[in-house]
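> Generate a structure from the sequence data that follows.
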Amino acid sequence: MIRIKRLQTLFATFTIGQPNPAGQTARTSQLNRVAKRPTLATFSIACLSCVVSTGLADPANAQRPIVPGTGSEIIGVADDFEDPSWQYIPNNPKSTEDIDENQRGPMGKSTNGRWYEGIKRGHPDIVRRVPTPPGGLPGSDGSLLLRSKFTGIPGRASGTMHQDDFICNVQYRLKRRIDISEAPSVTTRVFLPPVAEWENRSGPHFGFRLALETTAMIEKEVGFFKRKVEELGNEIYWPGMFVEFESKNETRRADDYAYLRIRSNKNGGDFRGPQITTTGWWTLGMSVTPDGMVHYYASPGVDDLTEDDYITSQFPYSYRAERLRTFFYNVCSADDGQRWSTSFVVDDPKVFVLRPKGGLKTAGRSTRTTR
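Numbers count the residues shown, from 1 in each chain. You can find the predicted model right below:
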C-alpha cells in the first residue's frame, strides 16, 4: 500500500460566471471523508487546497437537489457485471465519426444488450469483465475494465488527445426516454489505480456523463446551398464529471495532482470540482430535478452517496433538461500509439427515478433524502 501525505485543508470556493444575482455566497462542503473509507493509495499534493464551486447556478429559482440513488432503481438497465459469461463484441474497427465521418459499422455491443459503442467516437480498445479490485462493493465478483491506446482513428496515432465512448443502453431498452419530472439520477463506482500506474499525461483521463435533451434554438442547414438557419428543435447535451490529472513531469511541481472537472456552468465552461486525494474506489452520481437542473455528487469509497457528498448544481449551457436519454463513460488517452490510457474499472452503475411513471419496472425504494 502506497502511503503519501493527504490533503490537510478543506476545499475553497469560487463563483462561476456572473456574480450571484441573489447575493448569496457559495456553500462549502467537505467532500472527502477519507478517514472512514478504505483506500489503496493517496495522492501527494503540492497544494493544500483546491477550488470547487459548491453553489447553485441560480439559487433564486433552483429546486432542492436530490441525492443520486434516491427513489427506485429502474430494472433492466445498467449492469452489475456479475455474469461470468459477460462479453463485449467490438465489431472492430471502431467508429471515428467525429474525426473522419467514418462510422465503420456494425457497431460494437455487449451480449446482454445493455451496452453499445458510441457512434460518434467509438468504444474503448479494451472492454473486459475482470475480478472486482480490492475494496469494492461487498459481494461483487465482477467489474468492467475500460482502456484504450488508439482513441482516435484505429491504428493511426495522431499525438492528440482523443476519447472513446461506452454507452449504456437505457433509452432503447426502456423504449422511451425518462422525463425529468420523474427526477432521474445515475450512480456508478469507479476504481482509480495507484498513481504510478496512470498514463503519464496531464489532462482528462476518464469521464462519467449524462445524455440529456431540451428544447432550444438549434442551427440547421437547409436548401441546395445548405444555408444555415436557426429554429426551435430538440437539443442533446452531455453534462458530467471528468477525472483530470496533472502530471508532475509536465507541471514541474513536486507531486502529481488530480481533481474532478465539472461540465458545465451556465456558459458551457468546465470548472474545477473536488480534489482527488486518494485512489481506489470512488462513487460518482448525478441527478436531475424537475426544474431541469443537474446536481453533481462524488465520494471516495463504495458507500451510497449522501448529502455530504454534494459538489454543485448547474444549468449547463443555460439549458433546462427535459428528458434523460442515457449515461456513458469516456476513456481518454494521448493517442500517440505508445501509451495506454489509465486502466479504469467501473462497477454497479444504476439508474433511479423518484417519481416513476409510464409502466417502468422498478426495484425497492431508497430511504435517501434530498439535500
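
> gap between Ser341 and Pro193?
Distance of Ser341 to Pro193, given as CB to CB, to the nearest Å: 11 Å. All C-beta atoms are positioned from the backbone trio N, CA, C, and that covers glycine.

> Neighbour count: the two, which is higher?
Ranked by neighbour count (other CB atoms under 10 Å), Ser341 and Pro193 place Ser341 first, with 26 against 16.

> Tell me which residues touch the more buried one, please.
124, 147-149, 151, 199, 205, 331-333 (CB atoms under 8 Å, 6 or more residues apart in numbering).

> go with 7 Å
147-148, 199, 205, 331-333 (CB atoms under 7 Å, 6 or more residues apart in numbering).

> Val186 now?
By CB under 7 Å, 6+ apart, Val186 lies in contact with 68, 210, 285-286, 327, 349, 351.

> mind listing which of these are in strands?
Among the contacts of Val186, the members falling in strands (DSSP state E) are 210, 285-286, 327, 349, 351.

> could the contacts of Ser341 be laid out in a markdown table, adding neighbour count?
Output for those, formatted as a markdown table (neighbours: other CB atoms under 10 Å):
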| residue | neighbour count |
| --- | --- |
| Arg147 | 19 |
| Ser148 | 25 |
| Glu199 | 20 |
| His205 | 23 |
| Val331 | 27 |
| Cys332 | 25 |
| Ser333 | 27 |
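
> What is the nearest of those residues to Leu305?
Nearest to Leu305 among these is His205, at 21.7 Å by CB to CB.

> How much space separates the closest one from Arg339?
Look at His205 and Arg339: by CB to CB, they are 11 Å apart.

> Give me the common contacts of the two.
Common neighbours of His205 and Arg339 (CB under 7 Å, 6+ apart) are Glu199.

> about what we covered before: what's the ChimeraX line that selects buried ones from the contacts of Val186?
Applied in ChimeraX, the following selects the buried portion of these according to 16 or more other CB atoms under 10 Å:
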select :68,210,285,286,327,349,351
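
> Which of the contacts of Val186 sits closest to Asp309?
Gly285 (7.7 Å).

> Contacts only, for the closest one.
Contact analysis of Gly285 by CB under 7 Å, 6+ apart lists 68-69, 185-187, 297, 305.

> which among those gets closest to Ser247?
Once CB to CB is applied, the member of the contacts of Gly285 that ends up nearest Ser247 is Tyr297, at 27.0 Å.

> wait, that closest one sits on Ile311?
Yes. With contacts counted by CB atoms under 7 Å, Tyr297 reaches Ile311, the gap being 6.1 Å.

> So what's the residue count around the nearest residue in space to Gly122 that is not next to it in sequence?
Leaving aside its chain neighbours, Gly122 sits nearest to Lys94 (3.2 Å; criterion: CB to CB, 6 or more residues apart in numbering). Using other CB under 10 Å, Lys94 has 26 other residues around it.

> again with Glu117
Glu117: 29 neighbours (other CB under 10 Å).

> how close does it sit to Ile236?
17 Å.

> isn't there a helix covering Tyr297?
No. Using DSSP: H, G, I helix; E, B strand; the rest coil, the secondary structure at Tyr297 is strand, not a helix.

> Now do the residue lying closest to Asp256 once chain neighbours are set aside against Trp198, distance only.
Here the nearest residue to Asp256 in space, its sequence neighbours aside, is Lys248; by CB to CB, 6+ apart that works out to 5.0 Å. Distance of Lys248 to Trp198, given as CB to CB: 11 Å.
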